[in-house]
Structures are given as structure tokens and as C-alpha cells.
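Student: Could you look at this predicted model? Sequence included:
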Amino acid sequence: MTLQTTALLVIDVQEAFNEIEQAGARRNNPDAVQHIVRLLGTFREACAPVYHVRHASAEPDSRFRPERTGFAVMPQVRERPGEPVIVKTVNSSFIGTDLEARLRAAGVGTLVICGATTNHCVETTARMAGNLGFETLLVADATWTFDRTGPDGLTYPASQVHAMSLANLSGEFAEIVQTDDVVERLGRVTVSL
């Protein structure tokens with residue numbers, strides 16, 4: 001892990017998720033956005049690369065349509081000048097975008113992934129990152145999801161859905177870490193320069 005080859009990927013931290021929660025959906029990890037803010041601060045201070053991803057839905061009623069208020073990024077995680085914004089239309093940040101090409105051109109070999117939601121765009125992106133050969137770290141306390149009703153009609157709590165996604169990814173596709181782990185690792189790299 002080096003500063004030049006490690007990038008933070010912030011996935012879909014958009015107002016639509018606040019709107020979904022305000023409409024009554026139950027989520028886990030209420031402090032996830034605060035952890036993402038901390039990760040952003042750490043990467044920016046270390047001058048390590050940061051990439052932002054936004055979801056632009058083509059579904060007619062989606063809160064993530066570009067012309068709707070939900071498409072906007074949450075203000076506390078807004079990109080800064082020079083930080084690329086990748087716009088996607090499907091779950092994976094790699095499909096239909098130039099993300100992989102950008103990362104390869106920049107020499108990035110390690111991706112630190114955070115954002116929303118754990119079991120959709122975060123998990124799909126992490127799976128592809130691992131398959132594409134990137135060393136992938138998924139920050140468990142800097143991602144979240146919502147309760148989910150299965151085809152059996154049972155509703156599974158967000159904490160359980162989140163935990164299952166992490167279990168699916170662990171080892172084969174990604175290393176599951178916490179914000180503190182990433183901050184500590186980046187700090188050790190910074191000191192060693």
C-alpha cells in the first residue's frame with residue numbers, strides 16, 4: 001500500500017438515500033457518512049487519490065434520476081477540484097464508465113471502497129474490483145444499507161443484510177476493514193515517506 005497507488009472510491013453518497021430514510025426506510029450504520037468524511041479528510045491530507053461515483057438512474061420513478069433532488073451528492077462529501085466524478089447507470093462503478101481505465105492510467109493498485117448501499121452498488125463494485133485484480137479494502141463502518149424484503153416475503157433487517165454482504169465479499173473479493181484501520185495504514189505509509 002503506497003499513497004500513489006491507493007485510491008479512495010466513494011460510491012453513491014447521494015441525497016436520495018436521505019429521502020429514502022425520511023420516507024420511513026430503516027438503515028444500519030447511522031454514522032457511516034461521518035466515517036466517509038473522515039476517510040476523505042485522511043486521503044486528502046495525505047494527497048492520495050479520491051474518486052467519486054454517482055448513480056444516474058434511467059428508471060422513470062427513481063429518486064436517482066439526474067433531474068431530481070436525490071441525484072445531488074450529500075454536501076459533506078462533495079468533491080473538491082481535481083477529484084474525478086464517475087457517473088454510472090448500473091450497480092457496478094466499472095460498467096459503462098471509464099473508471100478502470102482512469103485507475104490503471106493513474107497506477108492505482110489498491111481501492112478503498114465506501115458508500116452506499118452495501119448490498120447493491122458497493123458489493124457489486126467490490127466484486128468487480130477484486131475480479132479485475134485490484135487489492136480491495138471495503139470499509140464496513142463507512143457503508144450502509146436498508147431493511148430488505150426477500151422473495152419469501154420475510155423482511156431482513158439492514159444490519160443482517162449488511163453483515164451478509166460483508167461475509168460474501170470477505171477473503172475472496174475484498175478485505176473487510178474499519179475506518180480506523182484505513183486511517184492507521186495510511187498514517188504509517190505517510191510516516192515512512
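Tutor: On my side now, so go ahead. Everything numeric in this text was worked out from a predicted model, so none of it was measured. Numbering: from 1, shown residues only.
Student: buried sites along the least confident helix or strand in the chain by mean pLDDT?
Tutor: Taking mean pLDDT, DSSP states H and E as the measure, the chain has helix 179-192 as its least confident helix or strand, at a mean of 81. Of all the residues in helix 179-192, those buried under the rule 16 or more other Cβ atoms under 10 Å are 179, 181-183, 185-186, 189. Every residue, glycine included, has its C-beta placed from N, CA and C.
Student: Just send the residues you listed back as JSON lines, with distance to Arg102 too.
Tutor: Formatted as JSON lines, the buried residues of helix 179-192 follow (distance: Cβ to Cβ, whole Å):
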{"residue": "Thr179", "distance to Arg102": "24"}
{"residue": "Asp181", "distance to Arg102": "25"}
{"residue": "Val182", "distance to Arg102": "21"}
{"residue": "Val183", "distance to Arg102": "24"}
{"residue": "Arg185", "distance to Arg102": "23"}
{"residue": "Leu186", "distance to Arg102": "21"}
{"residue": "Val189", "distance to Arg102": "21"}
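Student: helices or strands up against the least confident helix or strand of the chain?
Tutor: helix 32-45, strand 135-144 (3 or more Cβ pairs under 8 Å, 6 or more residues apart in numbering; DSSP states H and E).
Student: Now for the buried residues of helix 179-192: which two are most distant?
Tutor: Thr179 and Val189 (15.9 Å; Cβ to Cβ).
Student: Can you identify each of the helices in this protein by residue range?
Tutor: Assigned by DSSP state H, the chain shows helices spanning 15-22, 32-45, 99-106, 123-131, 158-169, 179-192.
Student: Which other helices and strands does the fourth one contact?
Tutor: Helices and strands touching helix 123-131, by 3+ Cβ pairs under 8 Å, 6+ apart, are strand 110-116, strand 135-144, helix 158-169.
Student: Kindly export stretch 100-113 (C-alpha atoms) in CSV.
Tutor: Presented in CSV, the C-alpha positions along stretch 100-113 are these (Å, rounded to 0.1, in the frame of the first residue of the first chain):
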residue,chain,number,x,y,z
GLU,A,100,-11.0,1.1,-14.7
ALA,A,101,-9.1,3.0,-17.4
ARG,A,102,-8.6,6.0,-15.1
LEU,A,103,-7.3,3.8,-12.2
ARG,A,104,-4.9,1.9,-14.5
ALA,A,105,-3.6,5.2,-16.0
ALA,A,106,-3.0,6.6,-12.6
GLY,A,107,-1.2,3.4,-11.4
VAL,A,108,-3.8,2.6,-8.7
GLY,A,109,-3.5,-1.0,-7.5
THR,A,110,-5.4,-0.7,-4.2
LEU,A,111,-9.0,0.5,-3.8
VAL,A,112,-10.5,1.6,-0.5
ILE,A,113,-14.3,1.4,-1.0
